[in-house]
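Just need the structure, nothing else, for what follows:
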Amino acid sequence: MTILVTGARGNIARALVRKLLEAGHDVRAAGRDPGRARLPTGVEVVAADLARPESWDAALAGVTKAFLYAGTAGLDGFLSRASGLAQVVVLSALGADPASADAITRAHGEAEQAVRDSGLPWTFLRPGGFAANRLVWADSVRAGVVRDPFPESHSALIHEADIAAVAVRALTSSGHLGAAYSLTGPESLTVRQQASVLGEVTGRPVRVETQDLDDYRRELTATFEARGLGRVGSAEVVEARIRRLAALVDRPQATTETALAVTGRPARGFAEWAADHAGDFTR
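Down below sits the predicted model:
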């Protein structure tokens, strides 16, 4: 059984590939720029892009199951070529709903609906915020100052290894078809608290300054564009992100125990994620 993992350069995809290999599965990884994927030896890596539907023919040849990043642009082209799959595990988002007024959860809900409509057997993973998104703070942590417009905004960030662990179970064991798993880390921390944890892990105190909101808008848009996600970084999505962060000021985010229920292991806390990535903030 060959399992296809898309988004080969992503933190979650790389963690998933490693876990599948360790469990003895054949893995093929696909991405727009496979040469930069930094994957372990033994993984077949192919070029494929949702913007080029024909590129999936080779990537899907001989594949039985697939892990897919949710996105509406080009998704139909992938799904039309994946009709023979026994399962697709889709990385979506907490609160995904095609009828949502929030641009982010609506887009993920639309992607989920497209998968349902395709007739493919599916499992949806719906994480909240990714701990790995804090890697954009690397230069700021090294400088000792993190700037954010909402220092007291909460999030229950999840370690990419926990998302990958749930994905492995969904792909390789029974009982997960038709399931939609909401995933968070085990605790809700403010931006200020997260910065403090990173300071403790790196041995360099990190303070938080309140950032001008317009500066944040520009930086967020530029970040999306630098990652090649210009369509995601629309003004509507940026504003949805800002509204979400503002709504969580002084308001802890609800957490789930889904990782424990699915994998038998509790989700890792932010301090463990920070320790695992300490080198990213010090070199």
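
what secondary structure does Thr105 sit in?
Using DSSP: H, G, I helix; E, B strand; the rest coil, the secondary structure recorded for Thr105 is helix.

if I pick the nearest residue to it once chain neighbours are set aside, what's in contact with it?
The spatial neighbour of Thr105 that comes closest, neighbours along the chain excluded (Cβ to Cβ, 6 or more residues apart in numbering), is Gly95 at 4.3 Å. In short, each C-beta sits where N, CA and C put it, glycine included. Contacts for Gly95 (Cβ atoms under 8 Å, 6 or more residues apart in numbering) come out as Asp102, Thr105, Arg126.

Relative to Thr258, which of these is nearest.
Distance to Thr258 across these (Cβ to Cβ) is lowest for Arg126, with 9.0 Å.

Break down the protein into its helices, ranges please.
Shown for the chain, the helices assigned by DSSP state H span residues 11-22, 56-60, 75-81, 103-118, 138-143, 160-172, 191-202, 213-226, 235-247, 258-263, 270-276, 278-282.

Give me the residue ranges of the stretch 51-200 of the chain where confidence is low.
Across the stretch 51-200 of the chain, residues meeting the criterion (pLDDT under 70) sit at 72.

Roughly how far does Phe130 sit from Ala51?
Applying Cβ to Cβ, to the nearest Å, one obtains 23 Å for the distance of Phe130 from Ala51.

Compare those two and say which is more crowded by neighbours.
Phe130 (19 against 11; other Cβ atoms under 10 Å).

what is that one paired to in the beta sheet?
Beta-bridge pairing for Phe130 (DSSP bridges): Ile158.

contacting residues for it?
Taking Cβ under 8 Å, 6+ apart as the definition of contact, the neighbours of Phe130 are Asn11, Ile12, Leu157, Ile158, Glu160, Ile163.

By neighbours, which of those residues wins?
Among the contacts of Phe130, where neighbours are counted by other Cβ under 10 Å, the top count belongs to Ile158, at 29 neighbours.

Look up how far Pro186 lies from that one.
When Cβ to Cβ is the yardstick, Ile158 and Pro186 sit 9 Å from each other.
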